[in-house]
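**Q** Predicted model and sequence follow; I will ask about them next.
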Amino acid sequence: MTTLNITINGRAYGPVDVRDALTLNDFLREYLGLTGTKFGCGAAQCLSCGVIVDSPDGTSYVSPTCVVSAASFDGKAIRTVEGHAKNGELSTLQKAFIEHFSFQCGYCTAGFLNESQVLLERLEKKRVARGDLEKTITEALDGHLCRCTGYIKYHEAVRDVILAEPGRYLLAKAD
Amino acid sequence: MKSETRIKCLVAVAALLMSMLSAFAIDQMQSDKLAAPESFSSIGDTTARSAAIFTELGKVLTHARCVNCHPAGDRPRQGDQRRLHQPPVTRGADGHGLETLRCPICHQKANFEPGRMPGHPEWHLAPREMAWEGKTVAEICVQIKDRERNGGRSPEDLVHHIGEDTLVGWAWEPGFGRQPAPGTQKQARALVEAWVKTGAACPN
């Protein structure tokens, strides 16, 4: 058993004793009822179970939750799909996903949303040239599997969010 | 069919199955073992003995547990079938994965059996120049002696690397569903040591 303290969407959880064999996915879904994080392949191959992990150095990354122990997240801060909307209003990314009809069944959406959010935050810190944008989005979303809409609609939604605020995410031509 | 005949048939089928399983088990045991350096003492010629010892070590070096992370390309392989790694990660700038998908995100400090996820604190790909995938034991032998393609290691360093490095050692404790490398790390070390002492000759 491990005593787990974890911050999820800005809220502290714990201390709670968890079995060392408990996955983070089961902890989120079964212990906390945060079922927005899905269980897909169970082998870190589809990333539908991905959550955002916020590192102390200010960087973030998406981690699968199906193949990692909850105990290994002791002391860490994560964000799940439930943390994107604020005061009942969907985030810009969420709205863009809906406008583009990016998903049908929605099983992969939480993973794509979290990955796209990490990308936006990364671009805010390190902007890219417009010419590198398509490749940057493709590489960021690579690894997430979707069996309904064929990826392009997620890609277009993320691109639209970025192009709506080019000064925030893209290098100026003179840069 | 009479009950007596039926029983005879069942016994015959059972015996056939047992013999097949036994043969499979013996075959597995043979490929899972490593011969000790002393077992090559009957080879009088030192160079030939050295090459034979390396050939034995080659069972480890060409095993999926080693080759999967010594790939010819930028993408690791996985499983005993050596299929391309999913999700589609590549080595990245430092061999520890892409900026957006680093190896330790999934591969944590130790194997996590509930998720069937192998792990080690230093999980990463061998450098591109140390690729073994698709090479013969003889080719790997030449490569492993070349400091430009072995991480700058001396022969003694190789003994330490193969014999004591804990990431290398993972190959013998790979967790559920993965066949361990043949023998033990200690036996592999003994082979490398004997190979170096006999002149580090390579098989043809």
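**A** Ah, there it is.

**Q** Residue A:79 against residue A:52, yeah?
**A** Yes - counting by C-beta atoms under 8 Å, residue A:79 touches residue A:52, with 4.0 Å between them. Just so you know, the C-beta spots here come from the backbone N, C-alpha and C atoms, and that holds for glycine as well.

**Q** Common neighbours of the two, please.
**A** Counting by C-beta atoms under 8 Å, 6 or more residues apart in numbering or on different chains, the shared contacts of residue A:79 and residue A:52 are A:60, A:114, A:117.

**Q** Close to chain B: what parts of chain A are there?
**A** A:21-23, A:42-47, A:53, A:61-64, A:66-69, A:72, A:115, A:118-119, A:139-140, A:142-143 (C-beta under 8 Å from any C-beta of the partner chain).

**Q** Name the nearest residue to residue B:41, sequence neighbours excluded.
**A** The shortest distance from residue B:41 to any residue other than its chain neighbours is 7.6 Å, reached at residue B:49 (C-beta to C-beta, 6 or more residues apart in numbering or on different chains).

**Q** how about low-confidence regions in the chain?
**A** This is for chain A. A:174-175 (pLDDT under 70).

**Q** my bad, chain B
**A** B:1-31.

**Q** quick one, what contacts the residue in it positioned nearest to chain A?
**A** Among the residues of chain B, residue B:115 lies closest to chain A, at 3.1 Å counting by C-beta to the nearest C-beta. Taking C-beta under 8 Å, 6+ apart as the criterion, residue B:115 is in contact with A:23, A:42-44, A:66-69.

**Q** Break chain B into its domains for me.
**A** Chain B is divided into the following domains under automatic domain parsing: B:1-32, B:37-197.

**Q** do you know how far the one residue sitting closest to the centre of chain B is from residue B:39?
**A** Closest residue to the average C-alpha location of chain B: residue B:63 at 3.1 Å, with C-alpha atoms, centre = their mean. Distance from residue B:63 to residue B:39, counting by C-beta to C-beta, to the nearest Å: 20 Å.

**Q** Now tabulate the domains of chain B in CSV and tack on distance to residue A:165.
**A** Below are the domains of chain B laid out as CSV (distance: least, C-beta to C-beta, whole Å):
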stretch, distance to residue A:165
domain B:1-32, 59
domain B:37-197, 21
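
**Q** and the residue in chain A that chain B sits nearest to, how many neighbours?
**A** Nearest to chain B in chain A, going by C-beta to the nearest C-beta, is residue A:67, at a distance of 3.1 Å. As a burial measure, residue A:67 scores 26 neighbours (other C-beta atoms under 10 Å in any protein chain shown).

**Q** wait, what's in contact with it?
**A** A:23, A:42-44, B:106, B:112, B:115-117.

**Q** Among the contacts of residue B:115, which pair sits farthest apart?
**A** A:43 and A:69 (15.2 Å; C-beta to C-beta).

**Q** ok, the two, which is more surrounded?
**A** residue A:69 (27 against 16).

**Q** Without its sequence neighbours, what residue ends up closest to that one?
**A** Nearest-residue entry for residue A:69: residue B:112, 5.5 Å, with adjacent residues in sequence omitted and distances by C-beta to C-beta, 6+ apart.

**Q** Would you mind giving the contacts of residue A:67 as TSV with secondary structure and distance to residue B:157 added?
**A** Putting the contacts of residue A:67 into TSV (DSSP: H, G, I helix; E, B strand; the rest coil; distance: C-beta to C-beta, whole Å) gives the following:
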residue	secondary structure	distance to residue B:157
A:23	strand	39
A:42	coil	40
A:43	coil	36
A:44	coil	33
B:106	helix	30
B:112	strand	31
B:115	helix	34
B:116	coil	33
B:117	strand	30
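
**Q** Make a ChimeraX selection of whichever of these turn out to be buried.
**A** What follows is the ChimeraX syntax for the buried subset of those, where burial is set by 16 or more other C-beta atoms under 10 Å in any protein chain shown:
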select /A:23,42,43,44 /B:106,112,115,116,117
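
**Q** Pick out whichever of the contacts of residue A:67 sits closest to residue A:107.
**A** residue A:42 (13.1 Å).

**Q** Could you report the distance from the closest one to residue B:181?
**A** As judged by C-beta to C-beta, residue A:42 and residue B:181 stand 26 Å apart.

**Q** Equivalent analysis for residue A:54, please.
**A** Relative to residue B:181, and taking C-beta to C-beta, residue A:54 is found at 38 Å.

**Q** more neighbours, the two?
**A** Each of residue A:54 and residue B:181 has its neighbours counted (other C-beta under 10 Å); residue B:181 has more, 25 against 17.

**Q** ok, now which ones touch that one?
**A** Counting by C-beta under 8 Å, 6+ apart, residue B:181 touches B:60, B:63, B:65-66, B:171-172, B:174, B:188.

**Q** so it, which of the three states?
**A** Recorded secondary structure, residue B:181: coil (DSSP: H, G, I helix; E, B strand; the rest coil).

**Q** Leaving out chain neighbours, which residue sits closest to the spatially most central residue of chain A?
**A** For chain A, residue A:114 is the residue whose C-alpha lies nearest the centre (C-alpha atoms, centre = their mean; 1.5 Å). Sequence neighbours aside, residue A:52 is the residue nearest to residue A:114 in space, at 4.8 Å (criterion: C-beta to C-beta, 6+ apart).
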